[in-house]
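Trainee: Sequence and predicted structure below; questions after.
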2 protein chains.
Amino acid sequence: MNDPRPPESPSTRHPLMTRPDGSPVRALVVDDETSLAEVLASVLRFEGWEVMTAGAGAEAVKAGREFRPDAVLLDVMLPDFDGLEVMRRLRADNPDVCVLFLTARDAVEDRVAGITAGGDDYVTKPFSLEEVLARLRGLLRRSGLARAQGGETLAVGDMTLDEGAREVRRGGDLIELTATEFELLRYFMRNPRRVLSKPQILDRVWNYDFGGQAHVVELYVSYLRKKIDAGREPMIHTVRGVGYVLRPPAS
Amino acid sequence: MNDPRPPESPSTRHPLMTRPDGSPVRALVVDDETSLAEVLASVLRFEGWEVMTAGAGAEAVKAGREFRPDAVLLDVMLPDFDGLEVMRRLRADNPDVCVLFLTARDAVEDRVAGITAGGDDYVTKPFSLEEVLARLRGLLRRSGLARAQGGETLAVGDMTLDEGAREVRRGGDLIELTATEFELLRYFMRNPRRVLSKPQILDRVWNYDFGGQAHVVELYVSYLRKKIDAGREPMIHTVRGVGYVLRPPAS
DNA sequence: GGGGATTCTCAGCGAACGTTTAGGGTGAGC
DNA sequence: GCTCACCCTAAACGTTCGCTGAGAATCCCC
């Protein structure tokens, strides 16, 4: 299946997450696996962020000083020194910077108390890109740095999705979703009226190491329809040969 | 019934603890263990406080003079001089400042006898962050400095938690909780309708040196459910793959 | 209307996740 | 010094989730 992705201007796709003065938010991506760092960087650029990457701790600290990022995506396992140490040094220059740690799932539970308590957060590898974006939005929102983006709640038609409470309602009815269903729907709701191809959805919603087929997307769309569109005016529409769209009913 | 929740930021998540004039409360954190001081500082900032840190007594006295904090978190074992001495000097400049001592468990009796008599308070290391926050709230409330936060009682649905009396009731029935259960429930009740992840709960409710697994959280949630939800409309809900939420029944 | 491709549905499996129970260690109170 | 309550670990169990594969249904084009 080919995947005709329409050229989109990131600045119109999602309203830009911006600083109070209107300038784009800046992120520093720190990971020694350069291909992963590049993917993260390009996704963030696509979302309208300004991005720099670094492959090691020392480099990251230097970049932090010059680039003055608002948020840092920080691998905990770096060749030179430890992610927490990097965070400490970054904070020394820039106390308000938000940190999203990227950790290996099997990493020997080197849990550090207080990571999430201070407003920072982490995701475990392998993650999905939408999850990283969601965490980053959460971080910036809580830090009060980024301009509100309509807060934590997305709405399309008579459907709302609350990220904090992880609650989805349609016409007032509470709808229970599994983790994957929730992330899929969130991706749809962040891109209403826009046809999303299956490869596109796979890239965003499924973990980056997922080797499976586009068929899973069809399957999960079918689950979503059962829970969201059942007995109602349908909102998820198939665009044969292309993908799916989420559209508010009366249009 | 839908439930349009206003967008939340730390300043609205918990109503800010503020001075009478509406400005944020100021705290000075004094501990020579810098990583601990930083964790405390970032938690307090996350809660909307303005924070400074100091690593020694002399530095603390200087900071007290310039920063004019409302509360001081003060390690009793400092490299230069003793915590009580620091308190005396801080009080010389600023008689109304509240002091929360941070002490080692074994050093309690001799050093800080009579501390609480003056309205100050202490917590023993290792402590949980929620405990520190609770003590601080108590201190400020008693000092009359901070604007009331709805007082000492939390309420969600038909459940109430009285911090002063350490009393929990649901639908009028008194519920006996152990110390850990109580702190866990308090954390839930301070964050109703918000999904809390297990690492998040671990970071806040368990002592900062706790090396254990997220499994304890599951265990204590199960204890809580037995005491709180047994034979009633459940309020604690599992969000698979994410965490737990406390939600008032009728929604 | 027929053929072919695409999409949807259903059943089933393995693995991850969450819950519960039992048991040991520790500290507090008597 | 003894007992009891509490906190935590460990292990077993049951459930749910996520994915695969096969077949049925649908749509599009000719």
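Mentor: Sure, I can see it.

Trainee: Enumerate the beta-bridge partners assigned to residue A:156.
Mentor: residue A:159 (DSSP bridges).

Trainee: for it, what are its contacts?
Mentor: For residue A:156, the residues meeting the contact criterion (C-beta atoms under 8 Å, 6 or more residues apart in numbering or on different chains) are A:188, A:189, A:192, A:235, A:246, A:248. Yep, even glycine has a C-beta here, placed from its N, CA and C like the rest.

Trainee: Any figure for the gap between it and chain B?
Mentor: If you measure residue A:156 against chain B using C-beta to the nearest C-beta, to the nearest Å, the figure is 14 Å.

Trainee: Residue A:42 now?
Mentor: Counting by C-beta to the nearest C-beta, the gap from residue A:42 to chain B is 27 Å.

Trainee: Skip ahead from the one helix or strand that residue maps to and say which helix or strand is next.
Mentor: Secondary structure assignment for residue A:42, by DSSP states H and E: helix A:34-46. Remark: after helix A:34-46, the chain's next helix or strand is strand A:50-54, criterion DSSP H and E.

Trainee: That next one pairs with which strands, parallel or anti?
Mentor: Every partner of strand A:50-54, by DSSP bridges, with its direction: strand A:26-30 (parallel).

Trainee: quick one, what contacts the most centrally placed residue in chain A?
Mentor: Nearest to the mean C-alpha position of chain A, counting by C-alpha atoms, centre = their mean, stands residue A:133 at 1.8 Å. Contacts of residue A:133 were listed using C-beta under 8 Å, 6+ apart, and they are A:43, A:44, A:47.

Trainee: Please apply the same query to residue A:176.
Mentor: Going by C-beta under 8 Å, 6+ apart, the list of residues near residue A:176 reads residue A:227.

Trainee: With adjacent residues omitted, what lies nearest to residue A:201?
Mentor: Computed as C-beta to C-beta, 6 or more residues apart in numbering or on different chains, the closest residue to residue A:201 that is not its neighbour in sequence is residue A:217, at 5.0 Å.

Trainee: host element of that neighbour?
Mentor: Using DSSP H and E, residue A:217 falls within helix A:215-228.

Trainee: returning to that earlier point: so how far is residue A:187 from the residue nearest to the centre of chain A?
Mentor: Between residue A:133 and residue A:187 the distance, using C-beta to C-beta, to the nearest Å, works out to 9 Å.

Trainee: can you map out the helices along chain A?
Mentor: Assigned helices in chain A, in chain order: A:10-13, A:34-46, A:57-67, A:83-93, A:129-143, A:179-190, A:198-205, A:215-228 (criterion: DSSP state H).

Trainee: from what I can see residue A:37 touches residue A:28, true?
Mentor: No - with contact defined as C-beta atoms under 8 Å, residue A:37 and residue A:28 do not form a contacting pair (10.1 Å).

Trainee: out of those two, which sits in the more crowded spot?
Mentor: Shown here are residue A:37 and residue A:28; by other C-beta atoms under 10 Å in any protein chain shown, residue A:28 has more neighbours (25 against 21).

Trainee: Find me the pLDDT at the more buried one, would you?
Mentor: Note for residue A:28: predicted pLDDT of 98.

Trainee: just checking, it touches residue A:61?
Mentor: No - taking contact to mean C-beta under 8 Å, the distance of 10.1 Å between residue A:28 and residue A:61 leaves them out of contact.

Trainee: Skipping adjacent residues, who's closest to residue A:68 in space?
Mentor: Closest residue to residue A:68 apart from its sequence neighbours, by C-beta to C-beta, 6+ apart: residue A:94 at 6.3 Å.

Trainee: what's the distance between the one you found and DNA strand C?
Mentor: Distance of residue A:94 to DNA strand C, given as C-beta to the nearest atom of the strand, to the nearest Å: 34 Å.

Trainee: Tell me what the residue nearest to residue A:41 when sequence neighbours are not counted is bridged to.
Mentor: By the measure of C-beta to C-beta, 6+ apart, the closest residue to residue A:41 outside its immediate chain neighbours is residue A:51, 4.5 Å from it. Here residue A:51 sits in beta bridges with residue A:27, going by DSSP bridges.

Trainee: about what we covered before: quick one: neighbours of the residue nearest to residue A:201, just the number.
Mentor: Other residues near residue A:217 come to 22 when the count uses other C-beta under 10 Å.

Trainee: Alright, calling it a day.
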